[in-house]
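Q: Return a 3D structure for these sequence lines:
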Amino acid sequence: MSHASEWGTAAGALPSSGQKKAGPTTRSVTVEQFTRSLASGTLNRSMRSSFLAIVAAALIAGTTLSGFAVAAPTRQQRLEARANANAGLKAFKAGDFALALERFSLAEEFIHAPPHLLYMARANDRLGEMLAARELYQRIIDEELPKRRPPKAFKKAQKDARSELDELEQRIPTLDIEVSELPPEQVSLTLNGKPIEADSGQLDLNPGEYAVVATADGHHEARQTIVLEAGQQETVTLTLEPVPVVVEPPPEQPLPIPPLVLIGGGAVGLGVGIVTGVMALNSASELRDLCPQNPCPTEHESLADDANLLGTVSTVGFVVGGVAAAAGGAWLIWGMMAAPSSDEAATAQWPLMPLVGPGYAGITGRF
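A: Residues are numbered from 1 along each chain as shown. Purely as a prediction, here's the structure:
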């Protein structure tokens, strides 16, 4: 059957404003007649039967008479539904599926009819919205039609929905996302920016392009883009690489200036001791040559004083230089063996300080 003849049958299921249905002739009783007869006590058998029939119908249906009046579509609603359905059918035949979907949706808003949903499902399918089409087909199939004389167009819509849904299920693409190395509870997944469960299994999707992104604490982001065609079944495997742990290098140790200064000072002191010692020895040797016998003549007293002074300076130089050099060396070795904390100041890393005074030399500090 063509779309036109099919929709002609469907449209026939929507009663027009001027259409009258044939049926048994019944005698109507107005509310005014019933009230007047009830007040005068002249309520005849026909009126009582009509009244009881109305009450029984209301009780059986579980509703009120006014409820029927509200649910019944108005003449304008019928006209609007028919006009939008006809326009939707015309757009569908012309290949304008977006407009067809819009028109049939409007028709469904005015009056519900399974043929409206059928063409909405077909339009969604043509637009690539297969999941929406599947939902509409299922709505048609699940709808319970009137048991007594349901419209033929409604029955045909259900039949077509079943067959078309079976065919559609074969064309819906699927995607299975796997993340290696980590359990699902530690992984966050997004599909085109929308969060999904990491263990959601196989996903039914519309045809199109999808960006899959996996993230986890302490790991680099994993991303993959895939294009799904109708009927395609794909599996995406993402591997989350751990972020390497960066070990910060130890802070550079400051140069051990204080111990080096002591060692240098000791070296100078030793040098002074050596030089002055040699000079003192030379002066003493010269003095022995000039004065082979004691006491030495007074003209050589200055030479004796110089020799004594040089000897004293040499002795002090040796003592101070030796102590300073020994203290500096010990300080340097101790400082290299110690493990100073990175947040201490450079001065705190070398807690020893030289101590030099008249006639003595040494180091002081805390241990």
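
Q: got the residue ranges for the strands in the chain?
A: Using DSSP state E, the strands of the chain run over residues 174-180, 188-191, 194-196, 202-204, 208-215, 222-228, 233-239, 352-357, 360-365.

Q: Averaged pLDDT, the second one. What do you get?
A: Spelled out, it's strand 188-191. Averaged over strand 188-191, pLDDT sits at 94.

Q: how many neighbours does Met130 have?
A: 21 (other Cβ atoms under 10 Å). Using the backbone N, CA and C atoms, a C-beta is placed for each residue, glycine as well.

Q: Please tell me I have it right and it contacts Arg171.
A: Yes. Using Cβ atoms under 8 Å, Met130 is in contact with Arg171, at 6.7 Å.

Q: any common contacting residues for these two?
A: Common neighbours of Met130 and Arg171 are listed as Ala230 (criterion: Cβ atoms under 8 Å, 6 or more residues apart in numbering).

Q: Quick one: closest of the strands of the chain to Leu117.
A: Evaluated with Cβ to Cβ, the strands of the chain place strand 202-204 nearest to Leu117, the distance being 20.1 Å.

Q: Okay, now the sheet partners of the closest one, with direction.
A: Here strand 202-204 is paired, per DSSP bridges, with strand 174-180 (antiparallel).

Q: Let me see the residues that make contact with the partner strand.
A: Under Cβ under 8 Å, 6+ apart, the answer for strand 174-180 is 187, 189, 191, 196, 198, 200-205, 210, 212, 214, 222, 226, 228, 232-240.

Q: Using PDB, write out every CA atom in that strand.
A: C-alpha atoms of strand 174-180 as PDB (Å, rounded to 0.1, in the frame of the first residue of the first chain):
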ATOM      1  CA  THR A 174      26.900  -0.500  18.700                       C
ATOM      2  CA  LEU A 175      30.000   0.500  20.600                       C
ATOM      3  CA  ASP A 176      31.900  -1.400  23.300                       C
ATOM      4  CA  ILE A 177      34.400   0.600  25.300                       C
ATOM      5  CA  GLU A 178      37.200  -1.100  27.100                       C
ATOM      6  CA  VAL A 179      39.900   0.500  29.400                       C
ATOM      7  CA  SER A 180      43.000  -1.500  30.100                       C
END
